[in-house]
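[1] sequence-free structure coming up:
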Ligand SMILES: Cc1ncc(C[n+]2csc(CCOP(=O)(O)OP(=O)(O)O)c2C)c(N)n1
């Protein structure tokens with residue numbers, strides 16, 4: 001294999017660059033890079049993930065280390081990625097998977113079993129939460145999942161801890177025979193701070209452990225495993241009491257703050273004089289150490305982002321404590337939020353918190369890119385007056401103006417099942433369409449398509465194939481024919497896949513060929529049963545930003561009908577010229593990529609390529 005291909009990933013580091021970075025010893029890293037570094041230093045050998053903000057870069061950074069050190073891959077979804085990591089652990093090597101918080105919902109079935117089975121090689125799940133919902137469908141708190149699955153959760157507060165805790169997570173996993181969750185948040189994953197690195201520890205593979213009672217989780221074995229899980233919880237509580245994981249920072253005893261994760265940094269900034277108990281693990285919590293702290297303070301507050309995990313555990317253990325009475329359960333924390341909570345609690349004085357910068361930034365709602373192939377797909381969908389089940393990807397933006405083309409959006413892969421439900425519930429008076437991206441189809445759409453065929457649902461599925469996972473920054477997937485390290489591999493052919501699911505009516509159309517796309521969709525909805533239209537055109541941003549000759553409007557011919565504005569293309573704007581009270585249109589030539597979609601729509605044929 002070509003050495004360059006082995007070590008060069010989409011992030012573009014090569015061996016020489018990598019070496020230069022590593023020799024520096026201390027360097028600034030975002031949390032996700034530090035997590036990758038920690039895993040590499042811990043001797044990880046199998047790494048698998050499905051992309052999802054804010055976790056995506058972890059696997060990309062791991063892919064910049066030499067291919068001989070670890071196998072690093074994209075998986076089709078988070079359950080598969082966890083299963084791959086579990087396989088690595090069974091085989092006796094240190095293994096890791098990474099996902100965003102909602103990815104853990106997908107992977108949870110395997111996690112719940114593995115919590116009983118335990119590990120052979122250390123097994124770490126990095127789960128990145130998104131307080132504030134920067135780019136997710138909810139803000140669930142993974143610490144609750146850890147409690148539910150009875151696996152320990154480590155919560156770093158900065159990039160250095162992200163590296164250190166990731167390294168330690170593998171030791172803990174092996175010592176206590178448990179998967180370990182390392183929980184990050186958007187703020188930590190994407191914030192840069194100095195990190196001290198160390199060399200890689202080459203951990204000898206342990207070999208496969210021939211222990212069927214441990215490895216095969218049937219009821220008889222699970223009944224034996226459950227008490228082990230409960231005993232493990234107690235041992236971990238004792239283990240986490242050490243100063244490495246439960247740090248008591250002495251200050252005034254008038255007020256004691258118990259905190260974890262990035263909230264710790266805000267507490268230190270806002271209330272530097274307080275005593276602080278910083279927990280690295282809110283499950284299993286070092287309850288005896290927490291009690292000592294509690295009893296030594298006049299008043300104790302818990303400051304934790306999202307759910308009252310620590311607070312609830314303390315209350316249950318007979319330590320009535322204040323927390324969520326003053327600090328929100330939703331949204332992202334910041335020094336301002338912490339200051340405001342402390343003010344409400346009467347701990348700091350002053351008037352209600354002022355906005356630090358009294359300037360309101362202009363709202364910039366997300367838009368599809370100029371020339372995005374999803375635009376025409378939804379123009380076509382709009383033209384057939386359908387009930388539309390949407391899905392998750394860039395194309396979810398079709399929910400808002402001006403496309404306003406989808407009626408529902410639930411979770412990755414839900415669209416096809418939702419559409420079957422629409423049909424079976426009697427919504428068939430209008431055509432029923434499910435729209436789903438290529439990566440999302442591979443992630444969770446295939447079982448639902450089989451279900452639709454099996455149950456003879458009268459629906460049309462539109463697969464929006466832009467040949468990439470665009471939403472998360474352009475990762476490869478099985479439909480691109482390239483691995484995470486950029487090697488050529490088998491490419492899933494969507495028509496073949498769809499036919500193999502039993503679909504008889506399949507048509508692939510170029511998303512930029514609007515007439516054919518409209519025609520295909522009209523025929524598809526006429527078909528009784530499941531029909532599939534594959535709207536096919538690479539993302540305009542990947543692998544490089546495409547740019548052809550930009551278009552321009554011949555103002556004399558523009559009738560201000562504004563049809564082109566229905567595209568919602570960010571390169572289209574209003575011109576100064578007004579006709580019968582309506583503005584004519586102009587095109588921003590610097591951002592236009594020359595896709596010609598507006599020209600195809602223009603009824604007065606006044607949009608043409610710029611002639612140089
Ligand atoms: C369970 C889960 N995993 C990951 C994500 C993050 N995510 C949102 S959409 C998406 C895939 C989008 O790719 P695709 O379907 O090809 O559509 P595109 O963005 O390319 O238009 C991913 C990975 C998520 N929202 N939920």
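    Looks like it arrived, so ask away. These numbers were taken from a predicted model, which means no experiment stands behind them. Numbers count the residues shown, from 1 in each chain.

[2] surely residue 403 is in contact with residue 380?
    No. Applying C-beta atoms under 8 Å, one finds residue 403 not in contact with residue 380, separated by 11.0 Å. Placement of C-beta: from N, CA and C, glycine included.

[3] neighbour count: these two, which is higher?
    residue 380 (25 against 21; other C-beta atoms under 10 Å).

[4] is that one in contact with residue 516, as I believe?
    No. In this structure, residue 380 is not within contact of residue 516 by C-beta under 8 Å, at 9.7 Å.

[5] contacts only, for residue 324.
    308, 311 (C-beta atoms under 8 Å, 6 or more residues apart in numbering).

[6] again, 6 Å this time
    Contact analysis of residue 324 by C-beta atoms under 6 Å, 6 or more residues apart in numbering lists residue 308.

[7] and for the residue of the stretch 301-450 of the chain found nearest the ligand, the neighbour number?
    Per C-beta to the nearest ligand atom, the residue of the stretch 301-450 of the chain with the smallest distance to the ligand is residue 437, at 2.1 Å. For residue 437, the neighbour count with other C-beta under 10 Å is 29.

[8] any idea of the mean pLDDT in stretch 234-242?
    Average pLDDT, stretch 234-242: 98.

[9] stretch 273-284 now?
    Averaged across stretch 273-284, pLDDT comes to 97.

[10] ends of that stretch, how far apart?
    Start to finish, the residues bounding stretch 273-284 are 28 Å apart (C-alpha to C-alpha, to the nearest Å).

[11] that one: which residues count as buried?
    274-284 (16 or more other C-beta atoms under 10 Å).

[12] can you tell me which of those are in strands?
    Among those, the members falling in strands (DSSP state E) are 274-279.

[13] show the contacting residues for the residue of the stretch 301-450 of the chain closest to the ligand.
    393, 395, 464.

[14] keep only the residues you listed that also lie close to the ligand.
    393, 395 (C-beta under 6 Å from any ligand atom).

[15] filter the contacts of residue 437 down to the buried ones.
    393, 395, 464.

[16] of all those residues, which comes closest to residue 217?
    Distance ranking of the buried ones among the contacts of residue 437 against residue 217, using C-beta to C-beta, places residue 393 first at 34.3 Å.

[17] I'd say the closest one and residue 441 touch.
    No. The criterion here is C-beta atoms under 6 Å, and residue 393 misses it with residue 441 at 9.8 Å.

[18] mind checking the SS state of residue 193?
    Three-state call for residue 193 (DSSP: H, G, I helix; E, B strand; the rest coil): strand.

[19] up against the ligand, what does this protein have?
    Going by C-beta under 6 Å from any ligand atom, the residues of the chain near the ligand are 50-52, 100, 102-103, 106, 392-395, 412, 437-440, 466, 468-472.

[20] closest one to the ligand out of the ones in strands among the buried residues of stretch 273-284, please.
    residue 279 (27.8 Å).

[21] spit out the contact partners of that closest one.
    Here residue 279 is in contact with 246, 260 (criterion: C-beta under 6 Å, 6+ apart).

[22] run the chain-centre distance for stretch 229-244.
    Per C-alpha atoms, centre = their mean, to the nearest Å, the displacement of stretch 229-244 from the mean C-alpha position of its chain is 30 Å.

[23] let me redo that: stretch 208-224
    32 Å.

[24] what's the span of that stretch, first residue to last?
    21 Å.

[25] with stretch 201-219 instead?
    38 Å.

[26] pull out the buried positions in it.
    In stretch 201-219, counting by 16+ other C-beta under 10 Å, buried: 203, 206, 209, 214, 217.

[27] I figured the second one hits residue 90, correct?
    The one in question is residue 206. No. The pair residue 206 / residue 90 is not scored as a contact, 10.0 Å apart, by C-beta under 6 Å.

[28] overlap of the contact sets of the two?
    residue 120.

[29] could you give the backbone dihedrals for residue 462?
    phi -110, psi 120 (degrees, to the nearest 10).

[30] what is the neighbour count of it?
    Counted with other C-beta under 10 Å, residue 462 comes out at 28.

[31] report the contact partners of it.
    Contacts of residue 462 (C-beta under 6 Å, 6+ apart): 435, 533, 535.

[32] and whichever helix or strand the last one is part of, which strands flank it?
    In this case it means residue 535. Assignment of secondary structure by DSSP states H and E places residue 535 within strand 531-536. Sheet partners assigned to strand 531-536 using DSSP bridges are listed as strand 460-465 (parallel), strand 505-510 (parallel).

[33] now that strand: how far from the chain's centre is it?
    Worked out by C-alpha atoms, centre = their mean, strand 531-536 lies 26 Å from the chain centre.

[34] contact partners of that strand?
    377, 460-465, 494, 498, 503, 505-508, 511, 520-521, 524.

[35] repeat for stretch 419-426
    So stretch 419-426 is contacted by 387, 389, 432, 434, 452, 457-459 (C-beta under 6 Å, 6+ apart).

[36] can we see that at 7 Å?
    387, 389, 432-434, 451-452, 455, 457-459 (C-beta atoms under 7 Å, 6 or more residues apart in numbering).

[37] what are the buried residues along it?
    Buried-residue list, stretch 419-426, by 16+ other C-beta under 10 Å: 419-423.

[38] what do you get for stretch 560-580?
    For stretch 560-580, by 16+ other C-beta under 10 Å, it's 560, 564-569, 571-572.

[39] ok, the closest residue in space to residue 427 that isn't next to it in sequence - contacts?
    Counting by C-beta to C-beta, 6 or more residues apart in numbering, residue 427 lies nearest to residue 387, which is 5.3 Å off, once chain neighbours are set aside. For residue 387, the contacting residues are 407, 422, 427, 430, 432, by C-beta under 7 Å, 6+ apart.

[40] okay, and the beta partners of residue 387?
    So, taking DSSP bridges as the rule, residue 387 has residue 432 as bridge partners.

[41] distance check, it against residue 421.
    The spacing between residue 387 and residue 421, counted by C-beta to C-beta, to the nearest Å, is 11 Å.

[42] elements contacting the strand or helix carrying residue 268?
    Here residue 268 sits within helix 263-270, counting by DSSP H and E. Here helix 263-270 touches helix 335-344, going by 3 or more C-beta pairs under 7 Å, 6 or more residues apart in numbering; DSSP states H and E.

[43] which helices and strands sit right next to the helix it packs on?
    Checking 3+ C-beta pairs under 7 Å, 6+ apart, helix 335-344 ends up next to helix 263-270.

[44] am I right that residue 43 is in a strand?
    No. Judged by three-state DSSP, residue 43 forms no part of a strand; its state is coil.

[45] pLDDT score assigned to the nearest residue to it once chain neighbours are set aside?
    Leaving aside its chain neighbours, residue 43 sits nearest to residue 203 (3.6 Å; criterion: C-beta to C-beta, 6+ apart). Residue 203 is assigned 95 on the pLDDT scale.
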